[in-house]
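A.B. asks: Sharing a sequence plus its predicted fold:
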Amino acid sequence: DSGVTQTPKHLITATGQRVTLRCSPRSGDLSVYWYQQSLDQGLQFLIHYYNGEERAKGNILERFSAQQFPDLHSELNLSSLELGDSALYFCASSVVPGGLDTQYFGPGTRLTVL
Amino acid sequence: AQSVAQPEDQVNVAEGNPLTVKCTYSVSGNPYLFWYVQYPNRGLQFLLKYITGDNLVKGSYGFEAEFNKSQTSFHLKKPSALVSDSALYFCAVRADPPRVNYGGSQGNLIFGKGTKLSVKP
């Protein structure tokens, strides 16, 4: 157990809908990263927050957004969902963003868009 | 731009034999390299990382990795494979080198496409 929690574990929804994925980092970790894992794209970085502020964006669609709250948990919002958004979404946390510390991953949320 | 390549989609090994999962990297500056393992329906688990120092890095579950600067490789190894080692293995590199003040630093990881390790009894 990495200490990173993600909810829900599974999510099934329809095209055009909006969902919210939640991540709680390890105790003491200030940095949260979101990644998407799909069969065709592999593991791709989406977005990074540090202590409530957005730090970097990767291949994140405009339909997707995220935020990190004062208690350091993070939410990834996916809207106007398409079939191609079906994937496993991971969050990872680490103590600081630019250091050499390790990112620890949560168990993921499997999103299925029908 | 930083990148990693895992040239093998699948590696098959007999239990008790040594295993190697290959990874090559391309970076500007010093490389910061990682190995993660993903078991079915699970998240990624950290195995080991290379930052600096000894070229042989020891990690979790008996795994080790050898950093080779001249060959730009970071291969994952284990002297004696177990059936329970069967999983998907990912090599990763930091997006950019760490900075002192962390401002604007992209600490995200860039992953290879993964190598499926199958250990048969």
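C.D. replies: Cool, got the structure.

A.B. asks: hey, what's residue A:111 bridged with?
C.D. replies: Note on residue A:111: beta-bridge partners by DSSP bridges are residue A:11, residue A:87.

A.B. asks: what sits against it?
C.D. replies: A:11, A:13, A:19, A:21, A:78, A:85-89 (Cβ atoms under 8 Å, 6 or more residues apart in numbering or on different chains). Quick note: C-beta positions are derived from backbone N, CA and C, even for glycine.

A.B. asks: One more pass at 7 Å, please.
C.D. replies: Contacts for residue A:111 (Cβ atoms under 7 Å, 6 or more residues apart in numbering or on different chains) come out as A:11, A:19, A:85-87, A:89.

A.B. asks: Adding neighbour count and pLDDT, write the residues you listed out as CSV.
C.D. replies: Below are these laid out as CSV (neighbours: other Cβ atoms under 10 Å in any protein chain shown; pLDDT from 0 to 100):
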residue, neighbour count, pLDDT
A:11, 19, 97
A:19, 18, 98
A:85, 21, 97
A:86, 17, 97
A:87, 22, 97
A:89, 24, 97
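
A.B. asks: residue ranges for the strands of chain B, please.
C.D. replies: B:3-5, B:10-14, B:19-21, B:24-26, B:33-38, B:44-50, B:56-58, B:64-68, B:73-78, B:87-94, B:109-111, B:115-120 (DSSP state E).

A.B. asks: Could you export those as TSV, including mean pLDDT, mean neighbour count and distance to residue A:49?
C.D. replies: Putting the strands of chain B into TSV (pLDDT from 0 to 100; neighbours: other Cβ atoms under 10 Å in any protein chain shown; distance: least, Cβ to Cβ, whole Å) gives the following:
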stretch	mean pLDDT	mean neighbour count	distance to residue A:49
strand B:3-5	93	16	24
strand B:10-14	98	14	35
strand B:19-21	98	20	31
strand B:24-26	95	17	27
strand B:33-38	96	24	20
strand B:44-50	95	21	19
strand B:56-58	96	14	29
strand B:64-68	96	18	29
strand B:73-78	98	20	28
strand B:87-94	95	23	17
strand B:109-111	91	23	15
strand B:115-120	97	17	30
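
A.B. asks: Quick one: find the helix or strand in chain A with the lowest mean pLDDT.
C.D. replies: strand A:53-57 (a mean of 90; mean pLDDT, DSSP states H and E).

A.B. asks: in stretch A:12-23, what counts as buried?
C.D. replies: Neighbour counts over stretch A:12-23 (16 or more other Cβ atoms under 10 Å in any protein chain shown) mark A:13, A:19, A:21, A:23 as buried.

A.B. asks: quick one: it near chain B?
C.D. replies: No. Against chain B, stretch A:12-23 shows no contacts by Cβ under 7 Å from any Cβ of the partner chain, the least distance being 11.2 Å.

A.B. asks: Alpha carbons of that stretch, in CSV - could you do that?
C.D. replies: Coordinates of the C-alpha atoms in stretch A:12-23 are reproduced here as CSV (Å, rounded to 0.1, in the frame of the first residue of the first chain):
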residue,chain,number,x,y,z
ILE,A,12,-18.9,3.7,-15.8
THR,A,13,-20.6,6.6,-17.5
ALA,A,14,-22.0,7.7,-20.9
THR,A,15,-20.6,9.9,-23.6
GLY,A,16,-21.2,13.6,-23.0
GLN,A,17,-21.2,13.2,-19.2
ARG,A,18,-18.9,14.7,-16.6
VAL,A,19,-17.1,12.9,-13.8
THR,A,20,-14.8,13.8,-10.9
LEU,A,21,-12.0,11.6,-9.8
ARG,A,22,-10.5,12.1,-6.3
CYS,A,23,-7.0,11.6,-5.0
